[in-house]
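Asker: Sequence plus predicted model, see below.
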Amino acid sequence: MITMKDIVREGHPALRKRGAKVEFPLSDEHKALAKEMLEYLHNSQDDEIAAKYGLRAGVGLAAPQLGKSIQMTALFVPSYYEDEEPYLDEVWINPRIIRESVKRACLREGEGCLSVDRDVPGMVVRAARITVQYYTVDGEKITRKLDGYEAIVVQHEIDHLNGVMFYDHIDKENPLNIPTGVNVLG
Ligand SMILES: OCN(O)CCCc1ccccc1
Ligand code: NI
């Protein structure tokens, strides 16, 4: 199982490279990696397992964070309501944003990252609504629109696949400034 020791931290080259496109059909190695990445997210959001193995909770995990410079990310965003299906619970292959709104959004609390062992305060301003195109592990091509918290998470993950870190988006001069018209979430 993936634990924190498998997650590379700032300074590791894989975090600053664009990942290579994943070929289909997925190799056994890539299939196993996809499964393990999603498992990490489930484990990290299970209080008992997370405490037992010292896992930091995450709603996303991108392959470059494991030192694997490929275009693969796992997403596990539980729904707001316990008894409802999670909003996102899958692995996306070769995802790309094909459209984004002019409207911007950010999380009131800012963002963090499993590959960043420090707090980096500041507004991470992103597109409020995106249209993404990705492949499932079975090679099915999906086009999907997202908004709200999921849109923020997916942009954070796709950034990782392109060597971008969340703090690259923070305004150095005025990190806590919320530009006019930006939706503040949370
Ligand atoms: O790359 C995923 N990872 O570092 C876990 C944190 C994910 C995340 C945190 C805040 C806002 C969006 C996404
Ligand atoms: Ni991250």
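Answerer: Noted; the coordinates are in hand. Ligands and ions are numbered 1, 2, ... in the order given.
Asker: drop to CA atoms for contacts and neighbour counts, all remaining ones
Answerer: Will do.
Asker: Roughly how far does the residue nearest to the spatial centre of the chain sit from Tyr53?
Answerer: Geometric centre of the chain, nearest residue: Glu157, 2.8 Å, by CA atoms, centre = their mean. For Glu157, the distance to Tyr53 (CA to CA, to the nearest Å) stands at 23 Å.
Asker: so where do the strands sit in the protein?
Answerer: Secondary structure of the chain (DSSP state E): strands at 60-62, 72-77, 88-100, 104-107, 126-127, 129-135, 141-147, 183-185.
Asker: Those: which one's closest to ligand 1?
Answerer: Nearest to ligand 1 among the strands of the chain is strand 60-62 (4.3 Å), distances taken as CA to the nearest ligand atom.
Asker: Give me the sheet partners of that closest one and which way each runs.
Answerer: Applying DSSP bridges, strand 60-62 is found paired with strand 72-77 (antiparallel).
Asker: Leaving out sequence neighbours, find the closest residue to the residue of the chain found nearest ligand 1.
Answerer: Using CA to the nearest ligand atom, Cys113 is the residue of the chain that sits closest to ligand 1, at 3.1 Å. Nearest residue to Cys113 in three dimensions, chain neighbours excluded: Phe166, at 7.7 Å (CA to CA, 6 or more residues apart in numbering).
Asker: what do you get for His12?
Answerer: Here the residue nearest His12, using CA to CA, 6+ apart, is Gly67, at 7.6 Å.
Asker: Give the full set of residues in contact with the closest residue to Pro86 other than its chain neighbours.
Answerer: For Pro86, ignoring the flanking residues on the chain, the nearest one in space by CA to CA, 6+ apart is Pro78 at 4.0 Å. Residues near Pro78 by CA atoms under 8 Å, 6 or more residues apart in numbering: 85-89.
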